[in-house]
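K.L.:
give me a 3D structure for the following:
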Amino acid sequence: MPQDRGWPHGLGPTDAPDLCRLYPWRVSAPAPVDLPGHRLALLNVLWFAMNFQTAALLPVVVPTQILLFVAPGTLGSAEQASYLGWLGAAAALVSITVQPIVGMLSDRTTSPLGRRRPHVVWGTVVQVIGSVGLLWAHDPWTFAASLLVLQVGNNAAQAAYQGLFADLVPARQRGAASGFFGLMTILGNAASFGLALALLGSVTTAHPRALTQGAAAYYLVTLLALAGACGLLTAAVQESSAPPVGGSGGVRAALARWTEPWRHRNYAWVFVARFSFIVGLTLFLTFIEYYFARVAHASNYVQATATVALIALLVAVASSLALGILSDRRRRVPLAFAATLIMTGAAILFLVGGGSIPLWSLGGLFGLGYGGYFSVDWALAVDSLPSVRTVGRDLGLWNLSGAVGGMVAPALGGGIVSVASATGHTEAGYQVVFATAALAFLVAAATILGVREDRFSPSEPADVPPHPVA
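P.N.:
Here you go, the predicted structure:
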């Protein structure tokens, strides 16, 4: 369908009735006013809270907790690595199921709170319930069930939240919004690892009571922050209640709607690049604590893990917002390409010298690439969406790149370590895991070059008019 640059992406003049129904102010109104910086920051507050709760779970909190009930008395054993790997894979499977379904539901929801916010609220409530379960879990099955409940809530809230985010941000501000997204994500990560370091950095399996109390304090603090951020966002954002997007025509039409986004070149390349990046990142984060313990022989492996993470995140904070704003005026693909190459170099350095290279330099290099990638990640995704009318569905499907990558990586890493352990070379298994992470980052760098940027310049009209953010 031919496009007029004054119309939302994916729509044209013949769609006037739909436009009047979905965006009545757009047909006759001028381009929307940009959101000021403080409103962009407010819109991102829940990203901070979500990452504050989840960032340190798989790298620090969960591996530390399972030492008490999976092969107790050992450290970084094949049994623990296998349990951790399959737990991460199961959590990612939840993401694969929940995100696109809730995203699609949020496209079709009508309520006094709007389309997206009801799903953000109930998802947050479920996430809090999962956190409470983790407070009391002391065996593998209860622990796994509680973590999966948390994942259901987290992914439901996230699917609706990212749709809300896309609804409110004008096209010409996507880079700045992506920068704020990256900034809040990184700050949430830094706060999460800082809290984990403060509560668990000095505990060992010789003091199980201190370990249990530290983990409980972590869950309590982060769930309170999550509930507060959800309440603030729900109260501050004014969302319109647009009529639901239609969708009928039987099984064949439904299947066509689900597969339609991947028929667009940019969407497919962004998806593949992000999948590969998440595989590398998840391998890195899931097994780094056991790597420090078994390969680098760090005397305090929890502290080493949290220290590297904090240094990386501090460096990432310094770069993410500035690079996101810059990407509104420059091409985003070269930034993502350079960031993934830097991540490749960081993984290789960990592999060849993780025990001898200073932690601050390893963390700093990792953070530079991490901040650079996430400064443009969301903006690249929204630039590639086929239509504004199915934002929730398409972003939910796009998030499968992270969910599938998050499922593949822990299972792959756990399998590598198990095979190596069976041959008596557990340490070599962790080294192969990091080599695989480096390869995944390299593939991400190559595939992002397949994206052809074609977006409005800052002076042209935005795709979607923002709703008010109080």
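
K.L.:
distance of the residue nearest to the spatial centre of the chain relative to residue 329?
P.N.:
For the chain, the residue nearest the mean C-alpha position is residue 402 (6.8 Å; C-alpha atoms, centre = their mean). Distance check for residue 402 against residue 329: by C-beta to C-beta, to the nearest Å, it reads 27 Å. The way it works is simple: take the backbone N, C-alpha and C, and place the C-beta from them, glycine included.

K.L.:
residue 148 touches residue 95, doesn't it?
P.N.:
No: taking contacts as C-beta atoms under 8 Å, residue 148 lies outside contact range of residue 95: 10.4 Å.

K.L.:
low-confidence ranges, this structure, go.
P.N.:
Scanning the chain for pLDDT under 70 picks out 1-34, 76, 203-208, 240-259, 321, 325, 328, 353-359, 388-389, 454-470.

K.L.:
would the residue nearest to the centre of the chain count as being in a strand?
P.N.:
No: counting by DSSP: H, G, I helix; E, B strand; the rest coil, residue 402 is not part of a strand but helix.

K.L.:
my read: it touches residue 274, true?
P.N.:
Yes: with contacts counted by C-beta under 8 Å, residue 402 reaches residue 274, the gap being 6.5 Å.

K.L.:
burial check on the closest residue to residue 91 other than its chain neighbours, number of neighbours?
P.N.:
Nearest residue to residue 91, sequence neighbours excluded (C-beta to C-beta, 6 or more residues apart in numbering): residue 151, at 4.6 Å. Neighbours of residue 151 under the rule other C-beta atoms under 10 Å: 24.

K.L.:
ok, now which ones touch residue 151?
P.N.:
91, 94, 95, 98, 130 (C-beta atoms under 8 Å, 6 or more residues apart in numbering).

K.L.:
now tabulate those in a markdown table and tack on neighbour count and distance to residue 44.
P.N.:
Compiled in a markdown table, those are given as follows (neighbours: other C-beta atoms under 10 Å; distance: C-beta to C-beta, whole Å):
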| residue | neighbour count | distance to residue 44 |
| --- | --- | --- |
| 91 | 25 | 24 |
| 94 | 22 | 24 |
| 95 | 24 | 21 |
| 98 | 24 | 22 |
| 130 | 21 | 23 |
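
K.L.:
identify, from those residues, the entry nearest to residue 211.
P.N.:
Closest approach to residue 211 among the contacts of residue 151 (C-beta to C-beta): residue 130, at 20.0 Å.

K.L.:
in a helix, residue 114, correct?
P.N.:
No: per three-state DSSP, residue 114 lies outside any helix segment and is coil.

K.L.:
neighbours of it, how many?
P.N.:
Using other C-beta under 10 Å, residue 114 is surrounded by 23 other residues.

K.L.:
could you report the distance from it to residue 392?
P.N.:
Between residue 114 and residue 392 the computed distance is 12 Å (C-beta to C-beta).

K.L.:
now swap in residue 436 and tell me
P.N.:
Applying C-beta to C-beta, the value for residue 436 to residue 392 is 33 Å.

K.L.:
quick one, which of the two is more surrounded?
P.N.:
Per other C-beta under 10 Å, whichever of residue 436 and residue 392 has more neighbours is residue 392, with 29 against 20.

K.L.:
for the more buried one, give me its contacts.
P.N.:
Residues in contact with residue 392, defined by C-beta under 8 Å, 6+ apart, are 102, 103, 104, 105, 106, 107, 115, 116, 159, 160, 163.

K.L.:
make TSV out of these and add secondary structure and neighbour count.
P.N.:
Output for the contacts of residue 392, formatted as TSV (DSSP: H, G, I helix; E, B strand; the rest coil; neighbours: other C-beta atoms under 10 Å):
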residue	secondary structure	neighbour count
102	helix	27
103	helix	28
104	helix	22
105	helix	21
106	helix	29
107	helix	23
115	coil	26
116	coil	30
159	helix	29
160	helix	30
163	helix	27
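
K.L.:
closest to residue 74 among these?
P.N.:
For the contacts of residue 392, the nearest to residue 74 is residue 159 (38.1 Å; C-beta to C-beta).

K.L.:
got the contact list for the closest one?
P.N.:
By C-beta under 8 Å, 6+ apart, residue 159 lies in contact with 98-103, 106, 119, 123, 392, 395-396, 399.

K.L.:
if I look at the closest residue to residue 111 other than its chain neighbours, how far off is residue 51?
P.N.:
Closest residue to residue 111 in three dimensions, ignoring its sequence neighbours and counting by C-beta to C-beta, 6+ apart: residue 118, at 5.1 Å. As judged by C-beta to C-beta, residue 118 and residue 51 stand 22 Å apart.
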